[in-house]
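Participant: this is a predicted model, with the sequence first.
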Amino acid sequence: MLNLDSSLTVVVVLVLLALAFDFMNGFHDAANSIATVVSTRVLKPHQAVIWAAVFNVIAIMVFGTTVAATVGKGIVDPGVVDFHIVFGALIGAIAWNIITWYYGIPSSSSHALIGGLLGSALIKSGPGAMIWGGIGKTVLFIFLAPLLGFLLGGFLMVGVSWLCNDMAPRRADKIFRRLQLLSAAAYSLGHGGNDAQKTIGIIWMLLIAAGIEKSGTSAPPTWVIFGCYTAMGLGTMFGGWRIVKTMGQRITKLNQARGFCANSGGAITLFVATAFGIPVSTTHTITGAIAGVGATRGPKNVRWGVAGGIAWAWILTIPATALISAIAWLIGGLLF
């Protein structure tokens, strides 16, 4: 049994670990926001990460905390959450992010965190600790988010092609260079608004488990919100360069107009999901949107083998992080 001083120390350590995950989330997923503008040479890499990071943080003024509530109270029964579950979830998610970043695989930080929660909660309390409605909604959007991104990106590309059919290529290029900045900003808003809230939910869950926050509170503390958005923005500024090439050119060849349509389709998907409090993968979303844009030129213009490799990472993320998290939960029991 931990005494008061020890409990506060563990809370501080776990909050710092959560912020480290949030930083890594921004670092790992920077490619989602900047791959199109970098690969089409609209911005240089260092300019692109600053652009994306600024809008990651501005998202704090645009979105509420519905996604944080889903993660904090809608995936695992808050009554079973303790320090060990939070520790296991964070270690599982961080470990998977490091593995996939190292190999340049655009996996989902969001689903890594949720898989981590499930793994540590299952080993502690079994299936009864699961909130299946929240889990089902999240799993459903593993498939729906890239599908919506694919359809929206494709439809936008068809519309843009029709509108610009008689426009001189040089003029179209100039227009879409500017529009791509706006679409990248919108996507970064959606990225910050959805992804930062997941870490907010974890810290909120931790504070409730520690008795620092009441379980009936309707919103997390302001310092948690600002801290998580800032950590994600800083992570984005450092950028996950190993993944940029995969996202920007290996799935399909992009130009300014295609980059605009991909980012716009992805941004709309993220805005809708965040409005309904659904934690989705920004990686899944932008991958689907890029593939949808490429498919408008014919199926042969999308490297489906690359997309298939990314899809395998999606499928493996939750079970892999759940396994790592379960092991971390056992280790956490020995540490504190």
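Facilitator: Done, it's in.

Participant: what about residue 96, distance to residue 116?
Facilitator: 8 Å (C-beta to C-beta, to the nearest Å). In this view, the C-beta of every residue, glycine as well, is placed from N, C-alpha and C.

Participant: ah, wrong one, I meant residue 66
Facilitator: From residue 66 to residue 116 the distance is 21 Å (C-beta to C-beta).

Participant: repeat that for residue 158.
Facilitator: From residue 158 to residue 116 the distance is 39 Å (C-beta to C-beta).

Participant: likewise residue 9?
Facilitator: Counting by C-beta to C-beta - residue 9 and residue 116 are separated by 22 Å.

Participant: mind checking which of the two has more residues around it?
Facilitator: residue 116 (34 against 13; other C-beta atoms under 10 Å).

Participant: that one contacts residue 90, correct?
Facilitator: Yes: using C-beta atoms under 8 Å, residue 116 is in contact with residue 90, at 6.6 Å.

Participant: low-confidence stretches in the stretch 1-150 of the chain?
Facilitator: 1-5, 30-33, 106 (pLDDT under 70).

Participant: mean confidence for the helix or strand containing residue 260?
Facilitator: Applying DSSP states H and E as the criterion places residue 260 in helix 256-275. Mean per-residue pLDDT for helix 256-275: 91.

Participant: neighbours of the residue nearest to residue 255 when sequence neighbours are not counted, just the number please.
Facilitator: Using C-beta to C-beta, 6 or more residues apart in numbering and skipping the chain neighbours, the partner closest in space to residue 255 is residue 40 (6.0 Å). Per other C-beta under 10 Å, the neighbour tally for residue 40 reads 22.

Participant: quick check: phi and psi at residue 40.
Facilitator: Dihedral angles of residue 40 (phi, psi; degrees, to the nearest 10) stand at phi -90, psi 0.

Participant: same deal with residue 76?
Facilitator: Here is the backbone geometry of residue 76 (degrees, to the nearest 10): phi -130, psi 140.

Participant: one more: residue 130?
Facilitator: Torsion angles, degrees, to the nearest 10, at residue 130: phi -80, psi 140.

Participant: now do residue 281
Facilitator: Given degrees, to the nearest 10, the pair of backbone angles that residue 281 has is phi -90, psi 120.

Participant: gap between it and residue 328?
Facilitator: 22 Å.

Participant: more crowded one of these two?
Facilitator: residue 281 (30 against 27).

Participant: list the contacts for that one?
Facilitator: 108, 109, 110, 111, 141, 142, 145, 314 (C-beta atoms under 8 Å, 6 or more residues apart in numbering).

Participant: which among those gets closest to residue 231?
Facilitator: Taking C-beta to C-beta as the measure, residue 231 lies nearest residue 109 of those, at 12.5 Å.

Participant: what are the ranges of the helices in the stretch 101-250 of the chain?
Facilitator: Here the stretch 101-250 of the chain has its helices, by DSSP state H, counting those that start in this stretch, at 109-125, 132-163, 169-209, 222-238, 241-245.

Participant: helices and strands around the first one, which ones?
Facilitator: Contact analysis of helix 109-125 by 3 or more C-beta pairs under 8 Å, 6 or more residues apart in numbering; DSSP states H and E lists helix 4-39, helix 66-73, helix 83-102, helix 132-163, helix 169-209, helix 304-335 as its packing neighbours.

Participant: now with 7 Å?
Facilitator: helix 4-39, helix 83-102, helix 169-209, helix 304-335 (3 or more C-beta pairs under 7 Å, 6 or more residues apart in numbering; DSSP states H and E).

Participant: who's in contact with it?
Facilitator: 25, 28-29, 75-76, 80, 84-85, 88-90, 92-93, 96-97, 129, 138, 142, 195, 198, 202, 279-281, 317-323, 325-326, 328-329 (C-beta atoms under 7 Å, 6 or more residues apart in numbering).

Participant: are any of those buried, and if so which?
Facilitator: Taking 16 or more other C-beta atoms under 10 Å as the criterion, what is buried in these is 25, 28-29, 75-76, 80, 84-85, 88-90, 92-93, 96-97, 129, 138, 142, 195, 198, 202, 279-281, 317-318, 320-323, 325-326, 328-329.

Participant: low-confidence stretches in the stretch 201-336 of the chain?
Facilitator: Looking at the stretch 201-336 of the chain by pLDDT under 70, you get 239-253, 301-310.

Participant: swap the cut-off to 50 and go again
Facilitator: Scanning the stretch 201-336 of the chain for pLDDT under 50 picks out 246-249, 251.

Participant: check contacts around residue 14.
Facilitator: Contact partners of residue 14, counting by C-beta under 7 Å, 6+ apart, are 83, 86, 87, 206.
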